[in-house]
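Trainee: Model the structure of this input:
(6 chains)
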Number of protein chains: 6
Amino acid sequence: MSEDRYQKGIKNLKVMNPQSFKILEDNLKDIAPDLARYVVEFPYGDIYSRSGLDLKTRELVTIASVTTMGGAQTQLKSHIKGALNVGCTKEEILEVLIQMAVYAGFPRAINGVLAAKEVFENIKSEK
Amino acid sequence: MSEDRYQKGIKNLKVMNPQSFKILEDNLKDIAPDLARYVVEFPYGDIYSRSGLDLKTRELVTIASVTTMGGAQTQLKSHIKGALNVGCTKEEILEVLIQMAVYAGFPRAINGVLAAKEVFENIKSEK
Amino acid sequence: MSEDRYQKGIKNLKVMNPQSFKILEDNLKDIAPDLARYVVEFPYGDIYSRSGLDLKTRELVTIASVTTMGGAQTQLKSHIKGALNVGCTKEEILEVLIQMAVYAGFPRAINGVLAAKEVFENIKSEK
Amino acid sequence: MSEDRYQKGIKNLKVMNPQSFKILEDNLKDIAPDLARYVVEFPYGDIYSRSGLDLKTRELVTIASVTTMGGAQTQLKSHIKGALNVGCTKEEILEVLIQMAVYAGFPRAINGVLAAKEVFENIKSEK
Amino acid sequence: MSEDRYQKGIKNLKVMNPQSFKILEDNLKDIAPDLARYVVEFPYGDIYSRSGLDLKTRELVTIASVTTMGGAQTQLKSHIKGALNVGCTKEEILEVLIQMAVYAGFPRAINGVLAAKEVFENIKSEK
Amino acid sequence: MSEDRYQKGIKNLKVMNPQSFKILEDNLKDIAPDLARYVVEFPYGDIYSRSGLDLKTRELVTIASVTTMGGAQTQLKSHIKGALNVGCTKEEILEVLIQMAVYAGFPRAINGVLAAKEVFENIKSEK
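Mentor: Model (predicted):
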């Protein structure tokens, strides 16, 4: 059944963010491969496969959370890319980030928008 | 035009959370009425009246942000109520809060769910 | 195998903190029983059953983390109790909390020590 | 010389906040008296006795910091009282707290103003 | 009237930090120009133009807040520059940052002082 | 006696982390040498020389705290090195960092492990 969770997580990651997870897995493989496995099993296997909320909304609330905590620009950019992958528009992502000015303060919101800018520009240059 | 922002904010608050704002306004009126006015003008007048994201999603990302920062249970409960007022289901709210275990950690997620529990029970007892 | 994780978690919780988990489980059962299940499976089933660090040290680093984040006094008190349950001395717990003044600042350290005080007094009065 | 730091700290505390420190010292005396001593020696002995910034400004920046971190309402109220004791006006304190809406977000600013409200009302009722 | 807020904000920014705002505005113009506008209108138009606290103290409490939240070095450096622009001395800024060791912990205070160092060196090399 | 604290701190730093402190001291010497002195006196002189908890556990709880706060990668890497210097194994350090996924969330845990990876690789390449 744990296998099952891992399989479910990998399946979600293939849709949501295969590139970012590949980078993370490569980074962790020699030092803490279990943490990469937990990422697959718990967030992507257990949580993102729950019903009750679509993947688009799940990525937007993740973006809100990671923007609010601060100091996690790599993960924020990864989830901005993930949000695009599951069908969020750039506008929706930016609206979430701008709204964070109210709750997490302007510095966090600005850092969030600058992360989005970087992701959007990378995507454009890849094409 | 600032009047306009205030009017827009009040209009949004009437839909989103008239009870919570009334309490806040009463609390602030003798000490910092300008802060209550800013709440109307900036979050509710400027931000929540933006297009690009519906009010339901806006309340869910706010819940994610306020859960993540911690130490703001009153505001969290107010936005859980606001989310219900704009049409979010209890299930959607709980899904956001449970998902926060991944990003903000289990203590924050648990505090979020307990806030929701209190709001849901208050609503039931009011009926 | 997921069953296995749950069983491992329950086994750890019986040693580490059966009372606090019972309260949490009761609190969550009507609203988010899955979150209680995740608490058993991920922290207690996956993490606390890992080798490489004894349970005493695991509880002390948890206390450091929860003290640092702030706004989670209930969870902090629960882990202070858990630390005692796995054999940490009061002195060891207090040393961790005092040390937090350096990294998380004096307000967090003071809130941590006051949480410990409450736990220690409850235990004394239970006897 | 350490004695000297303690004496300097006590001297500052007598001016800045003798009541709050008395409560803290009583709370800590049976459990972590060293933490109370460090409070005297490091913040009040070393830092608040530095030149280069007057005590009024020092209390205002402390209020900004403690409001921003959140989850430390007791310490925040203590420093609001301290700010009044060294000559800050209520208006100055409120201006700092309102300004925090920009950087720490509205929930933190509101919690800050509500802390000030409580302190101001207690002072009034004491008279 | 909203125009008015924008004008007031621009006027304050010209005194307080024209260079940093120019960079921010350029960064945001293609992606979220409204966020740049809100920066002008709310912090600089509404808040920094309030009476009751001089701009020097306002910048010092902002520095305390942004140092405490962490993960916002760009904004911190911008406000350190802003503080110098409105007449704070280097010593006053450093005193605030050093004091943060007490409330936000040593890592935050050190990161704050290193931000100040960078700003002060840039200014020197510009001359 | 203050001399005494400084001497005790330097003695601890020689065992715990002479290289990192040298870098910090050099960085601060022209701008805020007192902050470097406080680092010696308070954390290393007062706290790390307390009995009741061995240096290994002290470094592990510091790692937990600094990982949880986020936005302090330099200090985190410094304490990971410090932990190795006082005899913690790589495995123990990684176990603390992985455990942080539960309390501080996955982004903080991942940033923690990546900091450890960098430290471990630097050490290897130095040999």
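
Trainee: And A:Ile31, its phi and psi?
Mentor: Torsion angles at A:Ile31 (phi, psi; degrees, to the nearest 10) stand at phi -120, psi -40.

Trainee: That one contacts F:Val113, correct?
Mentor: Yes - proximity of A:Ile31 to F:Val113 meets the contact threshold set by CB atoms under 8 Å, at 6.2 Å. In this view, the C-beta of every residue, glycine as well, is placed from N, C-alpha and C.

Trainee: Now for these two: what residues contact both?
Mentor: Counting by CB atoms under 8 Å, 6 or more residues apart in numbering or on different chains, the common neighbours of A:Ile31 and F:Val113 are F:Leu94.

Trainee: quick one: which of those two has more around it?
Mentor: Neighbour totals were compared for A:Ile31 and F:Val113, and F:Val113 leads with 24 against 17 (other CB atoms under 10 Å in any protein chain shown).

Trainee: Who are the contact partners of the more buried one?
Mentor: A:Leu28, A:Ile31, A:Ala32, A:Leu35, F:Leu94, F:Leu97, F:Ile98.

Trainee: Next step: those restricted to helices.
Mentor: Residues of these located in helices (DSSP state H): A:Leu28, A:Leu35, F:Leu94, F:Leu97, F:Ile98.

Trainee: center of chain A, which residue is that?
Mentor: Nearest to the mean C-alpha position of chain A, counting by CA atoms, centre = their mean, stands A:His79 at 2.1 Å.

Trainee: Which helix or strand contains it?
Mentor: Here A:His79 sits within helix A:73-85, counting by DSSP states H and E.

Trainee: Packing partners of the lowest-mean-pLDDT helix or strand in chain A?
Mentor: Lowest mean confidence among the helices and strands of chain A (mean pLDDT, DSSP states H and E): helix A:2-16, at a mean of 92. Other elements packing on helix A:2-16 under the criterion 3 or more CB pairs under 8 Å, 6 or more residues apart in numbering or on different chains; DSSP states H and E are helix A:55-69, helix A:73-85, helix C:2-16.

Trainee: which of the residues in that helix are buried?
Mentor: For helix A:2-16, the neighbour count (16 or more other CB atoms under 10 Å in any protein chain shown) marks A:Ser2, A:Arg5, A:Tyr6, A:Lys8, A:Gly9, A:Asn12, A:Leu13, A:Met16 as buried.

Trainee: how about those residues in CSV, adding distance to B:Glu121?
Mentor: Shown next, in CSV, are these (distance: CB to CB, whole Å):
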residue, distance to B:Glu121
A:Ser2, 36
A:Arg5, 32
A:Tyr6, 37
A:Lys8, 33
A:Gly9, 34
A:Asn12, 33
A:Leu13, 37
A:Met16, 35
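
Trainee: Which of those sits closest to A:Ile63?
Mentor: Lowest distance from A:Ile63 to the buried residues of helix A:2-16 (CB to CB) belongs to A:Met16, with 12.8 Å.

Trainee: quick one, what contacts the closest one?
Mentor: Contacts for A:Met16 (CB under 8 Å, 6+ apart) come out as A:Tyr44, A:Tyr48, A:Leu55, A:Glu59, A:Gly82, A:Asn85, A:Val86.

Trainee: Make TSV from these and add pLDDT to it.
Mentor: As requested, the contacts of A:Met16 are exported to TSV (pLDDT from 0 to 100):
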residue	pLDDT
A:Tyr44	97
A:Tyr48	97
A:Leu55	98
A:Glu59	98
A:Gly82	98
A:Asn85	97
A:Val86	98
